[in-house]
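Provided below are the primary sequence and the corresponding predicted coordinates.
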Amino acid sequence: GAGVSQSPSNKVTEKGKDVELRCDPISGHTALYWYRQSLGQGLEFLIYFQGNSAPDKSGLPSDRFSAERTGGSVSTLTIQRTQQEDSAVYLCASSLVGLAGDNEQFFGPGTRLTVL
Amino acid sequence: AQSVTQLDSHVSVSEGTPVLLRCNYSSSYSPSLFWYVQHPNKGLQLLLKYTSAATLVKGINGFEAEFKKSETSFHLTKPSAHMSDAAEYFCVVRDFNDYKLSFGAGTTVTVRA
């Protein structure tokens, strides 16, 4: 079946511009996660959605970062006024449930963001 | 709090020889442990997972890992490396009844012909 998909696969932007990254989770998965993979920081958690609610935004690095999820499905991660240190691969994952039960996370291919 | 230490940043093996990737973890509660593999320009793929059942876990592509609570380790092994095993491998921990994954820094595996 279809896995987690992300778009765009690559994004090059200029410093100061806003960007939107999209994630389509596996159909029926109620939980959705965003992670960031960068050279200096490794893989780090950004935010977790259960349904359309985000009970944990603790990993968002600054108030320039925000995310939303609509219809319990598609999620968008928005970075405002991008900085060079935002350059990274942004990974999205989804799982059937968030807490308890079978919450194995399935990852998308990622969006590689380059801020010039 | 949970954390993971991967003891080797890079491992180089010859094709057909055993592979050992070492991982130690720290967790406040009964953890779930995972190994993920990432091939160049590809997404993360789950190799195997430990969730408090059998301590010896078998995964895909001939990999297995043993959970040793006394040593807080979860080392990944494969008896015979294949060229296609060249990739980056991540050891991951999740506290019981949590959703957040904590990743190790990764181990890059190179396979020599």
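Great, that's in hand. Keep in mind that this is a model prediction, so the values were computed, not measured.

who in chain B is up against chain A?
Chain B has residues B:36, B:42-46, B:49, B:90, B:97-106 near chain A, with proximity defined as C-beta under 8 Å from any C-beta of the partner chain. In this view, the C-beta of every residue, glycine as well, is placed from N, C-alpha and C.

just the buried residues of those.
With neighbours counted using 16 or more other C-beta atoms under 10 Å in any protein chain shown, those contain these buried positions: B:36, B:43-44, B:46, B:49, B:90, B:98-104, B:106.

which two among these are spaced furthest apart?
B:Gly43 and B:Asp98 (22.3 Å; C-beta to C-beta).

for B:Ile60, give me phi and psi.
The main-chain torsion angles of B:Ile60 are listed as degrees, to the nearest 10 and equal phi -80, psi 160.

how about the one 5 residues further on?
As for B:Ala65, its main-chain torsions (degrees, to the nearest 10) stand at phi -140, psi 150.

please report the distance of it from B:Asn24.
Distance, B:Ala65 to B:Asn24, using C-beta to C-beta, to the nearest Å: 13 Å.

between the two, which one's more packed in?
In this comparison of B:Ala65 against B:Asn24, neighbours counted by other C-beta atoms under 10 Å in any protein chain shown, the higher total goes to B:Ala65 at 26 against 18.

I figured the more buried one was touching B:Leu46, is that so?
No - here B:Ala65 does not reach B:Leu46: they are 12.0 Å apart, not a contact under C-beta atoms under 8 Å.

common neighbours of the two, please.
Listed as contacting both B:Ala65 and B:Leu46 by C-beta atoms under 8 Å, 6 or more residues apart in numbering or on different chains are B:35, B:59.

in the host helix or strand of B:Val92, what's buried?
Using DSSP states H and E, the secondary-structure element containing B:Val92 is strand B:87-94. Within strand B:87-94, the residues scored as buried using 16+ other C-beta under 10 Å are B:87-94.

cool, stretch B:60-73 as well?
B:63-65, B:67, B:73.

same check, this time on stretch A:29-48
By neighbour count, and taking 16+ other C-beta under 10 Å as the criterion, the buried residues in stretch A:29-48 are A:29-37, A:42-43, A:45-48.

what's the end-to-end length of it?
Counting by C-alpha to C-alpha, to the nearest Å, the length from the leading to the trailing residue of stretch A:29-48 is 13 Å.

tell me who's in contact with B:Cys23.
With contacts taken as C-beta under 8 Å, 6+ apart, B:Cys23 has the following neighbours: B:4-7, B:33, B:35, B:73-76, B:91, B:104.

cutoff 6 Å now
B:6, B:74-75, B:91 (C-beta atoms under 6 Å, 6 or more residues apart in numbering or on different chains).

adding secondary structure, write these out as a markdown table.
Compiled in a markdown table, the contacts of B:Cys23 are given as follows (DSSP: H, G, I helix; E, B strand; the rest coil):
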| residue | secondary structure |
| --- | --- |
| B:Gln6 | strand |
| B:Phe74 | strand |
| B:His75 | strand |
| B:Cys91 | strand |
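
what's the weakest-modelled helix or strand in chain A?
Ranked by mean pLDDT, DSSP states H and E, the weakest helix or strand in chain A is strand A:53-56, scoring a mean of 88.
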